[in-house]
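Student: here is my input; please provide its structure:
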Amino acid sequence: MLEQLPPHVLIVSAVFLLAGAVKGMTGMGLPTVAMGALGAVMPPVVAASLLVVPSFVTNVWQLFAGPSFTGLASRLSLMIMMVGILVGTIAGSGVLTRANPDLTTAGLGVALALYAFSGLITRPWKVPSSAERWLSPLIGLATGLVTGSTGVFVIPIVPYLQALDLDKEDLVQALGLSFTTSTIALAIGLTRGKAFNANDLTASVLALGPALVGMWVGQIARKRISPATFRPWFLVCLFLLGVELMARPLL
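Tutor: I've put the predicted structure just below:
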């Protein structure tokens, strides 16, 4: 699939630099930004293959950077949710690897727009502890199906994790765990669908450099720009990008 890359490698480098910067600023967003921006210039399945290594490395870093991974891993409902993500992503990846690119591009747009809309409009909500045990596997499975179909990891897992009774550090680690699981499952699904091979792995490794530089820049910028100020503008841009991707097959 390397021949399907955009003609100038600077496009890919710039996208991962931007995506890494967003992750450095907010603690999340690299897969979402990368899929959205790359999906505007290439089929989503190609974008997803480029995403694998940068997403895996940066999210493993996020997962183990916090103080309490052991405590997080002992939370049974979260681990069952990870199983749901794994199963759902592998099951849904056939859509990404075999469906019409116009359909997957529109699906990518829907996922981006829904995520941005939920972040902009939805009031904070809480999941009662009594519902977490049965709701977590369903959220995991739904997130996996969306991931496998679009390459986007955030719906509905991010709003759900934000609604759990997690402190800030545990939330960041839980997001890292979710995104790491999604990345591994997506790589398995793409490989099974013959959409990820050694050449794609090489291209994905090369994309890691700009992503790490972007994270470093984003972490510096975080000291100067409040994430609370940055986030609404980021979500507005993401929503507009999602709408454009949804409309593209109709144009």
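Student: point out where this structure drops to low pLDDT.
Tutor: 1-8, 65-76, 122-124, 227, 249-251 (pLDDT under 70).
Student: where do the helices sit along it?
Tutor: With helices called from DSSP state H, the chain shows them at 9-26, 30-39, 44-65, 69-73, 76-98, 101-121, 129-150, 157-163, 168-192, 198-222, 227-247.
Student: could you check how far the residue in the chain sticking out farthest from the centre is from residue 217?
Tutor: Distance to the chain centre peaks in the chain at residue 130, reaching 27.9 Å (criterion: C-alpha atoms, centre = their mean). Residue 130 sits 43 Å away from residue 217 when distances are taken as C-beta to C-beta, to the nearest Å. (Each C-beta comes from the backbone N, C-alpha and C, glycine too.)
Student: circling back to that earlier point, winner for burial among the helices of the chain?
Tutor: Most buried of these by mean neighbour count (mean count of other C-beta atoms under 10 Å) is helix 30-39; its value is a mean of 26.
Student: contacts for that one, please.
Tutor: Surrounding helix 30-39, the residues in contact under the criterion C-beta atoms under 8 Å, 6 or more residues apart in numbering are 12, 15-16, 18-20, 22-23, 44, 46-48, 50-51, 54-55, 58-59, 105, 108-109, 112, 115, 150-154, 179, 182-183, 211, 215, 238, 241-242, 245.
Student: do stretch 225-238 as well
Tutor: Contact partners of stretch 225-238, identified using C-beta under 8 Å, 6+ apart, comprise 22, 25-27, 29, 32-33, 36, 112-113, 115-116, 119-120.
Student: mind doing that once more with 10 Å?
Tutor: Contacts to stretch 225-238, defined as C-beta atoms under 10 Å, 6 or more residues apart in numbering, come from residues 22, 25-27, 29, 32-33, 36-37, 112-113, 115-121, 154, 218, 221-222.
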